[in-house]
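> quick one: sequence plus predicted model below, questions after.
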Amino acid sequence: MRKQIAAANWKMNLTLQQGEALIDELLNTPHNLSDNQQAVFGIPFPYLTAINAKLAGKENVFVSAQNCYSKKSGAYTGEVSAEMLQSIGVPYVILGHSERREYFGESNAMLAEKVNICFEYGLKPIFCCGEALSIREAGSQNSFVETQLKESLFHLTAAQLTGFVIAYEPIWAIGTGKTASSDQAQEMHAHIRSVLAAQYGAEVANSISILYGGSVKAANAKEIFGKPDVDGGLVGGASLIAAEFAAIINSLK
Ligand code: PEP
C-alpha cells in the first residue's frame, strides 16, 4: 500500500525559534499517524539538523530539504549538495517547486540532474509538477505535466523511481486561496498515474504517492485526500499554523 503523506513547505518563513515552537505545538496537538502515513516538514536548510534532532524517536515524522544543487561538489558558492543533506540524515528533498522553476530558472533538464544526484545519495525527492493558469485555460494541462515528468524522471529505471513522491501543484492554486476542486485534483492524479503506468507498469505506478498542493487547509483536506489517486498534500501557508497542519495530518486516508 502506498504511503499517505502530509508534507509541509515552510518556504522562506519563520526563524529557528519560531520553527521549533511550531513543531513543539504541533507535536502537542492531537494527531494520529498510522504506519502507512507520514508527516514531512520541508524546512529551511539552516534548521534541518536542529529540527531533525527534535523529531528523533517520533514515528512516521521526517524532515525534508526544500532544494539541493545538481552538482556533486565543488566551486558553487552558496549551494547545498545532496551529499551534504545525506550526511546530516535528511531523508527527503522537495525538487522543482514552481517557485524554484519561476524565480531560479529551474528547467526540466536541470531537474533531471537533481533527481540523479538525489538517487545517488539515497535522498527521496518530492518532485513537483503542475501547470500555470494559461495552460489550464488552454486545456493543455495533461500534456504539459506529462512533459515535465518525461523530461525529468523517465530516464530512471523502475527500481530507481520507486520511493519517489510526486506532488501535483497547479500554479494557479499555490498561495492564492484558490484550490483545485477535488475532481480536478483526482483527474490530474489519475492522469499522472496512467502516464507512470505506461512507462513503468501498473505495480510501480500504484506504489508512488502523488500529493496534491495548492491552498490545502483543514477545511478542504479531507475531501481532496478522499479521492482515490490523491495520497495526501504538499502544504504551504496552512503548514505554518499548528492546529491547521494537525487537522490536515488527521485528514490523511
Ligand atoms: C506550496 O508551497 O507548495 C503550496 C502548495 O502553498 P499553499 O499551500 O500556500 O498554496
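Happy to help now that I have it.
> at which residues are the helices of the stretch 51-200 of the chain located?
For the stretch 51-200 of the chain, applying DSSP state H, counting those that start in this stretch gives helices covering 82-87, 98-103, 108-120, 133-137, 141-153, 158-161, 182-200.
> name the helices or strands packed onto the fifth one?
Same thing as helix 141-153. When contacts are defined as 3 or more Cβ pairs under 8 Å, 6 or more residues apart in numbering; DSSP states H and E, helix 141-153 packs onto helix 108-120, strand 124-129, helix 182-200. Where you see a C-beta, it was placed from the backbone N, CA and C, and this is true even at glycine.
> ok, back up a step: so which of the helices of the stretch 51-200 of the chain is nearest Ile174?
Comparing these against Ile174 with Cβ to Cβ, the closest turns out to be helix 98-103 (6.2 Å).
> can you report how many residues lie near Val90?
For Val90, the count of nearby residues is 24 (other Cβ atoms under 10 Å).
> on the pLDDT front, check the residue nearest to Met188 when sequence neighbours are not counted for me.
In this structure, Met188 finds its nearest non-sequential neighbour in Tyr168, 5.3 Å apart by Cβ to Cβ, 6 or more residues apart in numbering. We have a pLDDT of 98 for Tyr168.
> spit out the contact partners of the closest residue to the ligand within the chain.
Closest to the ligand within the chain is Gly236: 2.3 Å, counting by Cβ to the nearest ligand atom. Applying Cβ atoms under 8 Å, 6 or more residues apart in numbering, we find Gly236 in contact with Asn9, Lys11, Ile174, Gly175, Gly213.
> among these, find the lowest-pLDDT one for me.
Note: of the contacts of Gly236, the lowest pLDDT belongs to Gly175, at 77.
> how close does Gln86 sit to Leu123?
6 Å (Cβ to Cβ, to the nearest Å).
> more neighbours: those two, which one.
Neighbour tally, Gln86 and Leu123, criterion other Cβ under 10 Å: the higher count belongs to Leu123, 23 against 17.
> the stretch 1-150 of the chain against the ligand: which residues are in contact?
Residues of the stretch 1-150 of the chain lying close to the ligand (Cβ under 6 Å from any ligand atom) are Asn9, Lys11.
> how close does the spatially most central residue of the chain sit to Gln66?
Among the residues of the chain, the one closest to the centroid is Ile126, at 3.9 Å (Cα atoms, centre = their mean). From Ile126 across to Gln66, the span is 9 Å (Cβ to Cβ).
> mutual contacts of the two, please.
Gly42, Val93, Ile94.
> now those in TSV, with neighbour count?
Below are the shared contacts of Ile126 and Gln66 laid out as TSV (neighbours: other Cβ atoms under 10 Å):
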residue	neighbour count
Gly42	24
Val93	26
Ile94	24
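> which of these fall within strands?
Those of those mapping onto strands are Gly42, Val93, Ile94, per DSSP state E.
> doesn't Leu85 make contact with the second one?
So that's Val93. Yes. Using Cβ atoms under 8 Å, Val93 makes contact with Leu85 at a distance of 6.3 Å.
> residues shared between the contacts of these two?
Both Val93 and Leu85 are contacted by Ala65, Cys68, Leu123, under the criterion Cβ under 8 Å, 6+ apart.
> parallel or antiparallel, which strands does the helix or strand hosting Leu234 pair with?
Using DSSP states H and E, Leu234 sits in strand 232-235. Here strand 232-235 has these sheet partners by DSSP bridges: strand 4-9 (parallel), strand 209-213 (parallel).
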